[in-house]
Structure formats: structure tokens, C-alpha cells
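# Predicted model and sequence below, questions to follow.
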Number of protein chains: 2
Amino acid sequence: MQIAILSFFHYFTPMFKKRESFYDVEEGKFLSPQFAKDGLITVTTTDSKSGDVLMQSYMNEEALKKTIETKEAHYWSRSRKALWHKGKTSGFLQKVIDLRIDDDQDALWMTVDIGNGSSCHVGYKSCFFRSIPLGPIKNSEEIKLEFKEKEKKFDPEKVYEGQPNPTKL
Amino acid sequence: MQIAILSFFHYFTPMFKKRESFYDVEEGKFLSPQFAKDGLITVTTTDSKSGDVLMQSYMNEEALKKTIETKEAHYWSRSRKALWHKGKTSGFLQKVIDLRIDDDQDALWMTVDIGNGSSCHVGYKSCFFRSIPLGPIKNSEEIKLEFKEKEKKFDPEKVYEGQPNPTKL
């Protein structure tokens, strides 16, 4: 039923061109995003200053539209099942500098200016603050990560006081 | 059944620490990747030279292990349903410079050296060669993309001759 409603909505939403040919989707001039069955498209967000990947998350159609129109990042929070205007709680808004779509139009790359802010709910600037060592894996040992950011940029217990943790085990 | 087998495999795979506490997953020193129900984890791949996002794709447990051990990018091809040693057909191998995992350990960021190669099966260097214009959306008009790469780096019809197109409409 959800899929039927989405398809109906897509069909009558002229801002997105219908996906009808490989050439148009892959090399054409019009936006024809592919939302997955759950209505979401993946988004990689990078920092306009450092180039670092800040976070990997999801948008639904409404979040994509709001991001384009307001030039501020909006996502779909899978844990809260709600539209997520990034920075509304923490104050760390993301101003969109560039928004790209990939060849088969099922993934977005968004470059944002976060000023002196942060992106990670744990307190670091980037969510990707740990690196996996490369090379042979010893089967008897767990893989130990290397921290690439030395200090937290903010105290999440103060900034997100009383909010549920979005991480799922 | 697939989930049961994966859980069983995970439980007896000491290289990944079991996901038991929020603190350990989010701020701990050990790799505890969260593969989704389909057995996959998202990966964003960036170019070590330009910093550009090249592609957004997926790894299963085997692809992640092979990537770590060989220092060459391996993915899971959802269209072919097979392990995908990137560049094996095209010659455009990706040498892994850095591999990071995010706070809740359900996404990877991989920085790669592609030399003078390309990443996009359409022929461009990055899969994200088109930009979405920002600002008010006119409801009566489709959104026109802006090309950010001017020329293809290779001819996909020669390089991938006879291979099926991975794009799905």
C-alpha cells in the first residue's frame, strides 16, 4: 500500500522525471531519483572545508525537496521515523554548498558548510572518527580501531539532554 | 534462515566484536560492524587526490574482509549478486588508503587511490558527475541537472563490452 501511494505520488510529481530509459537516468539532464522500497535514498555528507565525510544517512522525498528548497540539510531519521532538520536540536545546521546525484540516481552526495560545528551525535566533528587497520587479519583477534579525532568538539550529554540515543545494537 | 546463518557466523567470528553496549559500539576501540538484514553495509568511496566522492556502494562480510586484507576495494554487487573486485574488468583497481567506520558502525568511508583511472561505469571519473540546482522548486517543471565533469574518461562500450548494465530502472 505504501509503495502504491509512493508510485502514485511520483507519477504526479513533475519535479522528478519518470525513470524510463537507461540513457536518461544515467546520462540525462533531469533529476529522476530512485527511492528504495522503504522510500529512502542514501546520502553521503562531506565537509566543504576539509573534504572529510561527515555522515552517511538517508532522505525521503520530502527531505530531499526541503533540502533543495531551503539549502539546509534535511534527512529522514530511521530511528525516530521522522523528518530530521539537521542541527535543529544541537544548533549545528548544515548549509548545503553542492548536492549531486550518481549515475543510476540512487545515491546523493551533499557538500555542506558546518562552520565551526560538528556532525556526530557522539560529539566528534565527523561520524567517521575511527579507522580500521589494513593488512592480514588474525582470526583469533578482534580488530582494534585507531582514533583519528583526538578530542570531542562538544559534550553530547549537554547538547542532546533527554533525547533518546539513535544508535541500535 | 539467512539471518540465522549470518548471526551464527558473526557469533563465531572473533575479528568482529559482538555489539553489546552503546558505549563500545560508538566510542570503543573494536570493530563491530552492523550488517543490515540483507547482510550488507553501505560504503562511501572517496578519491585520495581530489577528495571527491567517487561512488556509494555496499560490502558484505566477505568483501569487507577481502578489502582489509588485500588493501584493494572489494564490494558486493547487488545487481549481479556477487562479490565484486572493483577494477577486475576495467583495470581501474582501487588501492585503499584509509578505511573508516562511523559512530554506530553501520557505514564505511573508504579513501582510495585510483591513479589516473575512473570509477563510474558510465565513463566518468566519479559517479557523482551531475549536480542538483538549489533553491525554489517550480512544481510544474522537472529539475534540470548540471554536469560537473565535462568529458568521459573512458568509453564504457569498449571497456565493458558484453557486460550487462548494473543500473535498474
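That came through, no problem.
# pretty sure A:Leu54 belongs to a strand, no?
Yes. Checked against DSSP: H, G, I helix; E, B strand; the rest coil, A:Leu54 lies within a strand.
# Might one say that it is in contact with A:Val43?
No. In terms of C-beta atoms under 8 Å, A:Leu54 does not count as a neighbour of A:Val43; the distance is 10.6 Å. Bear in mind the C-beta positions are built from the backbone N, C-alpha and C, glycine included.
# between the two, who's got more neighbours?
A:Leu54 (28 against 23; other C-beta atoms under 10 Å in any protein chain shown).
# Please name the nearest non-neighbouring residue to that one.
Setting aside the residues directly before and after it, A:Leu54 is nearest to A:Ser119 in space (C-beta to C-beta, 6 or more residues apart in numbering or on different chains), at 4.0 Å.
# How about A:Gln34?
Nearest non-adjacent residue to A:Gln34 (C-beta to C-beta, 6+ apart): A:Asp106, at 4.0 Å.
# just A:Leu93 next, same as before
Distances taken as C-beta to C-beta, 6+ apart place A:Gly87 nearest to A:Leu93, at 3.6 Å, with adjacent residues excluded.
# SS state for the residue of chain A found nearest chain B?
With C-beta to the nearest C-beta as the measure, A:Gly51 is the residue of chain A nearest to chain B, at 3.4 Å. Recorded secondary structure, A:Gly51: coil (three-state DSSP).
# now do A:Tyr58
Using three-state DSSP, the secondary structure recorded for A:Tyr58 is strand.
# which residues touch the closest residue to it other than its chain neighbours?
Take A:Tyr58 and drop its neighbours on the chain: the residue closest to it by C-beta to C-beta, 6+ apart is A:Leu40, 4.2 Å away. When the contact criterion is C-beta atoms under 8 Å, 6 or more residues apart in numbering or on different chains, the partners of A:Leu40 are A:Tyr58, A:Met59, A:Asn60, A:Trp76, A:Arg78.
# Name whatever forms a beta bridge with the residue nearest to the spatial centre of chain A.
Per C-alpha atoms, centre = their mean, the C-alpha nearest to the average position across chain A is that of A:Ser57, at 2.9 Å. On the basis of DSSP bridges, A:Ser57 takes part in beta bridges with A:Val43.
# can you pull the contacts of it?
A:Ser57 makes contact with A:Thr42, A:Val43, A:Thr45, A:Tyr75, A:Trp76 under the criterion C-beta under 8 Å, 6+ apart.
# Show residues contacting the host helix or strand of the third one.
With the criterion set as DSSP states H and E, the secondary-structure element containing A:Thr45 is strand A:41-47. Residues from elsewhere that reach strand A:41-47 (C-beta under 8 Å, 6+ apart): A:33-35, A:52-60, A:64, A:73, A:75, A:94, A:106-112, A:114, A:119, A:125-126, B:42, B:44, B:46, B:51, B:53, B:56.
# Just the buried residues of those residues.
Among the contacts of strand A:41-47, those that count as buried by neighbour count (16 or more other C-beta atoms under 10 Å in any protein chain shown) are A:33-35, A:52-60, A:64, A:73, A:75, A:94, A:106-112, A:114, A:119, A:125-126, B:42, B:44, B:46, B:53, B:56.
# residue farthest from the centroid of chain A?
The centre of chain A is farthest from one residue, A:Ser140, which by C-alpha atoms, centre = their mean lies 34.8 Å away.
# can you pull out the helices in chain A?
Taking DSSP state H to define them, one finds helices in chain A at A:2-11, A:22-27, A:61-70, A:156-159.
# residues of the third one that come out buried?
To tie it back to what came earlier, the one meant is helix A:61-70. Counting neighbours by 16+ other C-beta under 10 Å, one finds that the buried residues in helix A:61-70 are A:Glu61, A:Ala63, A:Leu64, A:Lys65, A:Lys66, A:Thr67, A:Ile68, A:Thr70.
# out of the residues you listed, who's near chain B?
Intersecting the buried residues of helix A:61-70 with the surroundings of chain B, defined as C-beta under 8 Å from any C-beta of the partner chain, gives A:Lys65, A:Ile68.
# Next, the contact list for A:Glu27, please.
In this structure, A:Glu27 makes contact with A:Asp103, B:Val122, judged by C-beta under 8 Å, 6+ apart.
# What does the pLDDT read for it?
In this prediction, A:Glu27 carries a pLDDT score of 91.
# where does chain A dip in pLDDT?
Residues of chain A that meet the criterion pLDDT under 70 lie in A:1-13.
# thought A:Ser32 was touching A:Phe16?
Yes. Counting by C-beta under 8 Å, A:Ser32 does reach A:Phe16; the two are 5.9 Å apart.
# count of neighbours near the nearest residue to A:Ser90 once chain neighbours are set aside?
Using C-beta to C-beta, 6+ apart and skipping the chain neighbours, the partner closest in space to A:Ser90 is A:Val159 (5.0 Å). By other C-beta under 10 Å, the residues close to A:Val159 number 15.
# A:Val159 and A:Val122: what is the separation?
Relative to A:Val122, A:Val159 is positioned 11 Å away (C-beta to C-beta, to the nearest Å).
# before we move on, what about A:Glu62?
If you go by C-beta to C-beta, the gap between A:Glu62 and A:Val122 works out to 27 Å.
# Please apply the same query to A:Leu54.
A:Leu54 sits 13 Å away from A:Val122, taking C-beta to C-beta as the criterion.
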